[in-house]
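[1] Give me a 3D structure for the following:
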Amino acid sequence: MMKKYLYSSLLVLAGGVLLANTTVAYADSPSASEKEAIAQLVNQGKIKAEEADQVKLIGFEDKETQAEGNQEKKAFNQYRDPKGTWMQTNGKWWFKYGSGGYAKNWEQLDGKWYYFDDQGWMKENTWIQPDGNYYYLSASGAMVTGYQRVNGTPYFFRASGVWVENRGQALGEYAETFVGKIPYVWGGADLNSGVDCSGFTMAIHAKFDISIPRVTYGQATGGSYVSNGSQQAGDLILYNSEETNDHVGIYVGGGKVVHAPYPGQYVSYMNQYGITQNTIRRYW
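    All right, here's what the predicted structure looks like:
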């Protein structure tokens, strides 16, 4: 029975000329060499016989010929997922199903999402764009969600893993993650222990490396002016009482604002026009 070998490589001439993309070769022995794989590609008509001696397989790895007992993915959560077993070949991870075969594309394992290329190798420490949206895979290979810093740059990822590219939208969606979770604290600007209205808006912006004034009056006069009706997610909406800017929230779209209301309450939603509106400012 023919044994199937997989490798993630480009088939190239010694001079660097690309012949073809290929991902599968066949050989009769589990000890098949790169030379045998090239010979099989000649037989399949993928390369010419006279070019065989010039061909190199970059990254040739016959991963199914490795001793599987030494390949269990022990570094991931220290237990085996019921779907199968984590395997490692030449320092790269893949996932072998208990029913046979291996994971490709998205797969949820150990409660986390991982992405495997068409050859079955797990992707890690990298951006991917499998469906037109961008996702980031951490050092462990797991897809990231929520607020993250990647190489020092702040990003926000939805629960689906999709990166929110628009900065204002990212500000708004990040602000929404605190609804019902942190209390109003007078003078507070800590997203863990508590915030007041302007402390909340300042802390959210700071997470995205945007510096804004601490108090509502300053926030009402800085940034750029946005006319009513032109507001976008991430904009600040300032409210007044007797012609003073005494309250602020972050517009998140759909006529809703996320704000820290008053003592005894938690960060919550309110209607954009629930209080007399004064001005709209944009800092992103």
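[2] all contacts plus neighbour counts: C-alpha atoms, from now on.
    Will do.
[3] partner residues bridging the nearest residue to Val162 once chain neighbours are set aside?
    Among residues not flanking Val162 along the chain, Tyr135 sits closest, at 5.3 Å (Cα to Cα, 6 or more residues apart in numbering). According to DSSP bridges, the residues that bridge with Tyr135 are Ile128.
[4] Tyr135 contacts Trp163, doesn't it?
    Yes - because the distance of 5.8 Å satisfies Cα atoms under 8 Å, Tyr135 is recorded as touching Trp163.
[5] what number of residues lie near the residue nearest to Val162?
    23 (other Cα atoms under 10 Å).
[6] Next up, the contacts around it.
    Trp127, Ile128, Gln129, Met143, Val144, Phe157, Gly161, Val162, Trp163 (Cα atoms under 8 Å, 6 or more residues apart in numbering).
[7] okay, and the common contacts of Tyr135 and Trp163?
    In contact with both Tyr135 and Trp163: Phe157, using Cα under 8 Å, 6+ apart.
[8] nearest spatial neighbour of the residue most central in space within the chain, skipping sequence neighbours?
    Nearest residue to the geometric centre of the chain (Cα atoms, centre = their mean): Tyr136, 2.9 Å. Leaving out its chain neighbours, the residue that sits closest to Tyr136 by Cα to Cα, 6+ apart is Trp127, at 4.5 Å.
[9] and the one you found, what pLDDT?
    Here the pLDDT value assigned to Trp127 is 98.
[10] Assess the claim that it and Tyr134 are in contact.
    Yes - contact status for Trp127 versus Tyr134: in contact at 6.6 Å, counting by Cα under 8 Å.
[11] circling back to that earlier point, quick check: the residue nearest to Val162 vs Ser211, distance?
    Going from Tyr135 to Ser211 by Cα to Cα, to the nearest Å gives 27 Å.
[12] Could you do Gly180 as well?
    Gly180 is 25 Å from Ser211, by Cα to Cα.
[13] Spell out the residue ranges of the helices in the stretch 51-200 of the chain.
    Using DSSP state H, counting those that start in this stretch, the helices of the stretch 51-200 of the chain run over 167-176, 197-207.
[14] In CSV: the ones you listed, plus distance to Asp190 and mean pLDDT.
    Converted to CSV, the helices of the stretch 51-200 of the chain look like this (distance: least, Cα to Cα, whole Å; pLDDT from 0 to 100):
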stretch, distance to Asp190, mean pLDDT
helix 167-176, 13, 99
helix 197-207, 7, 97
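[15] Would you indicate which residues of stretch 184-203 are buried?
    184-185, 188-191, 194-203 (16 or more other Cα atoms under 10 Å).
[16] Nearest to Arg281 among those?
    Of all the buried residues of stretch 184-203, Arg281 sits closest to Thr201, with 11.7 Å by Cα to Cα.
[17] show me the contacts for that closest one.
    Contact analysis of Thr201 by Cα under 8 Å, 6+ apart lists Leu236, Val248, Gly249, Ile250, His259.
[18] next one: Trp113
    Applying Cα under 8 Å, 6+ apart to Trp113 gives the contacts Trp106, Glu107, Ala142, Met143.
[19] If you tally nearby residues, what's the number for Tyr266?
    Tyr266: 21 neighbours (other Cα under 10 Å).
[20] where does it land on pLDDT?
    98.
[21] Repeat that for the one 3 residues further on.
    We have a pLDDT of 98 for Tyr269.
[22] does it sit in a helix or strand, and which one?
    Using DSSP states H and E, Tyr269 maps to strand 268-271.
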